[in-house]
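Undergrad: Mind folding the following:
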Amino acid sequence: MAAAFLPARATDDVKRHAATWGERERFIVERLDGTTSAETIAALWTDAHAPPMVAAQVKVFCDELAQRGLLDRCATGT
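TA: Numbers count the residues shown, from 1 in each chain. So this is what the prediction gives:
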């Protein structure tokens with residue numbers, strides 16, 4: 001089951017796009033390294049920012065990026 005929920009890895013293309021996005025989206029993309037979980041990304045954000053972020057928000061964002069072909073793999077299994 002763990003193979004179906006691999007952490008997301010951002011492509012160079014999404015990194016270029018993210019430069020024009022909001023702070024939360026950039027924060028997520030900067031941490032999509034293929035090893036950092038959605039839960040960890042959300043916790044890191046919540047520790048330093050308000051309002052808090054939950055892992056589900058990161059996973060939904062990953063799904064959207066994956067549908068646009070901007071991720072190598074996605075934590076939600078898509």
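Undergrad: quick one, longest helix in this protein?
TA: Counting by DSSP state H, the longest helix found in the chain is helix 55-67.
Undergrad: Pull out the buried residues from that helix.
TA: Gln57, Val58, Lys59, Phe61, Cys62, Asp63, Leu65, Ala66 (16 or more other C-beta atoms under 10 Å). Bear in mind the C-beta positions are built from the backbone N, C-alpha and C, glycine included.
Undergrad: Then stretch 36-45?
TA: Thr36, Ser37, Ala38, Ile41, Ala42, Trp45.
Undergrad: Remind me which helix or strand the residue most central in space within the chain belongs to.
TA: Note on the chain: the residue nearest the mean C-alpha position is Ile28, at 4.5 Å, using C-alpha atoms, centre = their mean. Assessed by DSSP states H and E, Ile28 sits inside helix 23-30.
Undergrad: So which elements touch that helix?
TA: helix 12-18, helix 38-48, helix 55-67 (3 or more C-beta pairs under 8 Å, 6 or more residues apart in numbering; DSSP states H and E).
Undergrad: The second one vs helix 55-67, what angle?
TA: The one in question is helix 38-48. 120 degrees (axes from the mean of the first three to the mean of the last three C-alpha atoms, to 10 degrees).
Undergrad: what angle do helix 38-48 and helix 23-30 make?
TA: Using the same axes, to 10 degrees, helix 38-48 lies at 140 degrees relative to helix 23-30.
Undergrad: Trp45 versus Pro52, what's the distance?
TA: From Pro52 over to Trp45 the distance is 7 Å, taken as C-beta to C-beta, to the nearest Å.
Undergrad: With Thr20 instead?
TA: In terms of C-beta to C-beta, Thr20 sits 19 Å off from Trp45.
Undergrad: circling back to that earlier point, which two of the buried residues of stretch 36-45 have the greatest separation?
TA: Ser37 and Trp45 (12.8 Å; C-beta to C-beta).
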